[in-house]
Each structure stands twice: as C-alpha cells, then as structure tokens.
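A.B. asks: the following block contains a protein sequence and its predicted model.
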Amino acid sequence: MSGDDISGSGTYDPDSANAPVEDLSPRQVVDAGSAKGRKWGPIVVLGAVIVVLVAVVAQGLVNGTLFFHEVDQAVEQRDELGAERFRMLGLPVEGTIESIVVDGEQSVAFTVMFDDVTADVVHIGDPPQLFQPGVPVTLEGRWMNADAPVDAFVDGVNDGWWFESTHMLVKHDNDYRNENEERIDDAEERGAGA
C-alpha cells in the first residue's frame, strides 16, 4: 500500500486531507428562453422603429407630391387633373354653406371662389371650428363629375363638377398658416381676401 492511505480500511473519511471538495456555492440559473428573448428584443424594437419611420416618410412624400392650385387654376385644369388628389385654395362664398349628411357622416356643401372663379365643394366630415364664409380654406381632395350628394348647391355653379374634400385647413388655423404662408401672401396680393 501507498503511504497516502492512512486508515487502511478503504472507508471514506470526510475530514481526511485527501477527501474530494464539493463546491456548494449558489449558482445563477440561466433560462435559455429568456436569453433568446433578450437577444431578439432589440432587433424587434429596431424593426418596429424602421417600419414607423418608413410610414412617416411615405406619408410625407405623398403629401409633398400633392399639387396645390387656387380655385381658378383647378377649374381650368379639371380635365387634366381628373380624379387625381390635390389641394385647392379658395374662399367660401357667403350664403352657400349647407350642412348635409353623406353616408351617415355630418358633412358640408358650399361654393369656393378665387379670382372670381367658383367651384362647388362637398367636404366629407365636420369642417374645422373656424370654417366660415370669407375665411380662406385649403381643401384636399379630387374632382368629381357625377351626381353630388346634395340636391343642388346653394347659389353654386351646379355644372355637374364638384370637388370632394376629405381634409380642410382654415386660414386662421396654425397648421394652415404654417403650411401655406407663401400662398396666403399671394392670395392677399391677388385680392382674394386671404
């Protein structure tokens, strides 16, 4: 026998210098599922941010590519514009505003004017609170050459053409002023009362 075996009996003695030492310190348990979740979390968040940014840029490009015409230009170019969406600047004419309901939604029919040229309009939805005759508006929509959702425009053109508006900005609204500052100055110079 070797000199290492003290007892000679072959039994295990825990107090022995040669006894194996077992590490009993607490260990952190790593859940494989949560580690994967932490790994993919930032990628998912980054993907969502990219999708939102692309949507914002796309919306900006769509709005930026909308042509802007005063009523006289829009009427002159009706055939070329067809059903294309654009923005139109005009002055609601006194005595032409009529509240109507279109497909169950409160709307308004009226006539706008610029440089003594008029056009009939149906704005789908409630107009802004500052909407009134004599206060310039920018309307976003398209020309329609079909039956209007109103029996007849009050003192309007009633020529079968009308402008279907889905978005309206009023001159005194800060959004209108910010988006149309040059147009307002031009309208004032051209005597449209803007």
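C.D. replies: Looks like it arrived, so ask away. Numbering: from 1, shown residues only.
A.B. asks: okay, now the domains of the protein?
C.D. replies: For the chain, automatic domain parsing gives the domain ranges 29-65, 67-189.
A.B. asks: out of those domains, which is the most enclosed?
C.D. replies: Ranked by mean neighbour count, these are led by domain 67-189 with a mean of 17 (mean count of other C-beta atoms under 10 Å). From N, CA and C alone the C-beta is placed, and that goes for glycine too.
A.B. asks: now Gly90: how far from Thr96?
C.D. replies: Applying C-beta to C-beta, to the nearest Å, the value for Gly90 to Thr96 is 11 Å.
A.B. asks: right, I mislabeled it, should have said Pro42
C.D. replies: Distance, Pro42 to Thr96, using C-beta to C-beta: 57 Å.
A.B. asks: got it, and Glu70?
C.D. replies: 18 Å.
A.B. asks: contacting residues around stretch 140-154?
C.D. replies: For stretch 140-154, contacts defined as C-beta atoms under 8 Å, 6 or more residues apart in numbering pick out 66, 74, 78, 81-88, 95-98, 100, 102-103, 107, 109-111, 120, 122-123, 158, 160-168.
A.B. asks: the same query, at a cut-off of 7 Å, please.
C.D. replies: For stretch 140-154, contacts defined as C-beta atoms under 7 Å, 6 or more residues apart in numbering pick out 66, 78, 81-85, 87, 95-96, 98, 100, 102, 109, 111, 120, 122, 158, 160-167.
A.B. asks: in strands, which of those residues appear?
C.D. replies: If you go by DSSP state E, these have 87, 98, 100, 102, 109, 111, 120, 122, 161-167 in strands.
A.B. asks: closest to Val137 out of these?
C.D. replies: Comparing those against Val137 with C-beta to C-beta places Ser165 closest, at 8.6 Å.
A.B. asks: thought that closest one was touching Thr138?
C.D. replies: No: in terms of C-beta atoms under 7 Å, Ser165 does not count as a neighbour of Thr138; the distance is 9.5 Å.
A.B. asks: can you show me the helices along the chain?
C.D. replies: Along the chain, counting by DSSP state H, helices occupy 32-64, 71-76, 78-81, 174-189.
A.B. asks: lowest average pLDDT across those helices?
C.D. replies: Lowest mean pLDDT of the helices of the chain: helix 174-189, a mean of 64.
A.B. asks: could you find the closest non-adjacent residue to Phe114?
C.D. replies: Take Phe114 and drop its neighbours on the chain: the residue closest to it by C-beta to C-beta, 6 or more residues apart in numbering is Val71, 3.7 Å away.
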